[in-house]
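# Provided below are the primary sequence and the corresponding predicted coordinates.
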Amino acid sequence: MCMKEVLKKIMLFIILSLCFSVTGQQDAQYTQYMYNTAIINPAYTGSRGKTSISGLSRRQWVGFEGGPATHTLAFETPLDRFSNFNYGLSIISDHIKPTTETNFSLDFAYRLRVTDTGFLRFGTKIGGNLLNANLTNLSREETIDNALLNDIDNKFIPNFGLGVYYHNDQFYAGISAPNMLTTNFFNEESVSSSAGNTVLLSKQRVNYYFIAGHTFDLSYNVKFKPAVLTKVVSGAPLQVDISVNFLIFQKFTVGTAYRLSAAFSGLFGYQLSKSLMVGLSYDVDASELISTSTNYGSFEFVMRYDLKNKLNLTSKRMLTPRFF
């Protein structure tokens, strides 16, 4: 493939990502989203044709007390070699002081062959959230603040998600909403104090995701993969993540990423064996937080282990490594 065609497809990814016109961010964010796709899109589940366990740990704004920390765990597998059904399990633990939210879901996907090498997948998440909020330990302006008299312990909120995902040997694209229900975590009522009335309301809004990527063969030993993730949610800024990665000798992955008006990132991955892959990323803020002396950036570690290899679902031989 000539470089002109490569550049055209890169521009297509950017244009597609900017077609979303509203706002985005409330769910946890990820720099290595290309290895964490089942968390945000259930239709991805089982698409690699392998039984896999993947985990991700993110520490954001290191140096900020109470800064966000996110941990995910995902299991996925095809039902069997010839089945169109796939299933999995996703768990997300998101801690932002003083709250901890745990999201867990069963993931199901169904695939349809639409071309010789291409599949269209439909997926759903069924599960819920557990919310804990340690309000009584917060610092307060008053000795007695009625708004902070009680903690929230293991409040359960059911939820479900939907997704559509297309892929072939070299390209993928998907649209999803992993949490479809709009939920009020606190009661919408006023609590009186000497400082006035406080409204206790926290609303979980629907986050919409668009993801796309492509693997290009630059040479026998070098593969090039641009990718884009767009997240849209009402009442928050549009989030667009654009990344470029190079896979060298089918072992090393190096790349960089940019989160619109938010951060620059460096990415590194290594295929330790046929079964085990590890990845590391580091974000440097591009926002006003960069001038804060206690902000040492954000770190993210990902690991994926394939328990059992199955017949490649898209072709008898793999034309390019599936690192998506």
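Arrived safely.
# what residues are up against A28?
Residues in contact with A28, defined by Cβ atoms under 8 Å, 6 or more residues apart in numbering, are 58, 68, 70, 72, 92, 94. Every C-beta, even on glycine, is put in place using the N, C-alpha and C of the backbone.
# any idea which helix or strand carries the first one?
Remark: R58 resides in strand 50-59, with elements defined by DSSP states H and E.
# quick check: buried residues in that strand?
The neighbour-count check on strand 50-59 (16 or more other Cβ atoms under 10 Å) flags 50-54, 56, 58-59 as buried.
# who does that strand pair up with?
Here strand 50-59 is paired, per DSSP bridges, with strand 69-78 (antiparallel), strand 298-309 (antiparallel).
# other SSEs contacting the helix or strand harbouring Y258?
For Y258, the enclosing helix or strand under DSSP H and E is strand 252-259. Packing partners of strand 252-259 (3 or more Cβ pairs under 8 Å, 6 or more residues apart in numbering; DSSP states H and E): strand 239-248, strand 263-271, strand 276-285.
# and the angle from that strand to strand 276-285?
Interaxial angle, strand 252-259 versus strand 276-285 (axes from the mean of the first three to the mean of the last three Cα atoms, to 10 degrees): 30 degrees.
# got the angle for strand 252-259 vs strand 239-248?
160 degrees.
# which residues sit against strand 252-259?
29, 31, 225, 239-248, 264-271, 279, 281, 283, 286, 323.
# now, of those residues, which are buried?
Among those, those classed as buried by neighbour count (16+ other Cβ under 10 Å) are 29, 31, 225, 239-243, 245-247, 265, 267, 269, 271, 279, 281, 283, 323.
# how about stretch 35-55: buried residues?
Those would be 35-54, for stretch 35-55 by 16+ other Cβ under 10 Å.
# over to stretch 168-180?
For stretch 168-180, burial by neighbour count (16+ other Cβ under 10 Å) applies to 169-179.
# which stretches of the stretch 101-250 of the chain have low pLDDT?
Filtered on pLDDT under 70, the stretch 101-250 of the chain yields the residue ranges 135-151, 183-203.
# with just CA atoms, put the strand holding R58 into CSV.
C-alpha atoms of strand 50-59 as CSV (Å, rounded to 0.1, in the frame of the first residue of the first chain):
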residue,chain,number,x,y,z
LYS,A,50,-9.4,-16.7,21.6
THR,A,51,-10.2,-17.2,25.2
SER,A,52,-8.5,-14.2,26.9
ILE,A,53,-8.1,-12.5,30.3
SER,A,54,-7.1,-8.9,30.3
GLY,A,55,-6.4,-6.4,33.0
LEU,A,56,-5.7,-2.7,33.1
SER,A,57,-4.6,-0.4,35.9
ARG,A,58,-4.6,3.4,35.6
ARG,A,59,-3.3,6.0,38.0
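# ok now that strand, how far from the chain's centre?
Distance of strand 50-59 from its chain centroid, counting by Cα atoms, centre = their mean, to the nearest Å, is 11 Å.
# likewise stretch 227-239?
Relative to the chain's own centre, stretch 227-239 is displaced by 12 Å; criterion: Cα atoms, centre = their mean.
# buried set for it?
Quick answer for stretch 227-239 (16+ other Cβ under 10 Å): 227-233, 238-239.
# and those, which of them are in strands?
227-232, 239 (DSSP state E).
# what's the most distant pair in the residues you listed?
Maximum pairwise distance among these (Cβ to Cβ): 17.2 Å, between A227 and V232.
# now mean pLDDT too, for the strands paired with strand 50-59, in JSON lines please.
Formatted as JSON lines, the strands paired with strand 50-59 follow (pLDDT from 0 to 100):
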{"stretch": "strand 69-78", "mean pLDDT": "92"}
{"stretch": "strand 298-309", "mean pLDDT": "87"}
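# take the ones you listed and write them to TSV, including mean neighbour count and distance to R121.
Shown next, in TSV, are those (neighbours: other Cβ atoms under 10 Å; distance: least, Cβ to Cβ, whole Å):
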stretch	mean neighbour count	distance to R121
strand 69-78	20	11
strand 298-309	17	19
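# kindly reformat those strands as a markdown table containing distance to D116.
Below are these laid out as a markdown table (distance: least, Cβ to Cβ, whole Å):
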| stretch | distance to D116 |
| --- | --- |
| strand 69-78 | 19 |
| strand 298-309 | 22 |
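# D107: which of these is closest?
strand 69-78 (6.9 Å).
# how far is that closest one from where the chain is centred?
That offset, for strand 69-78, works out to 10 Å (Cα atoms, centre = their mean).
# give me the residues contacting that strand.
With contacts defined as Cβ under 8 Å, 6+ apart, strand 69-78 is touched by 28, 30, 36, 38-39, 44-46, 48-60, 85-96, 107, 307, 310, 313.
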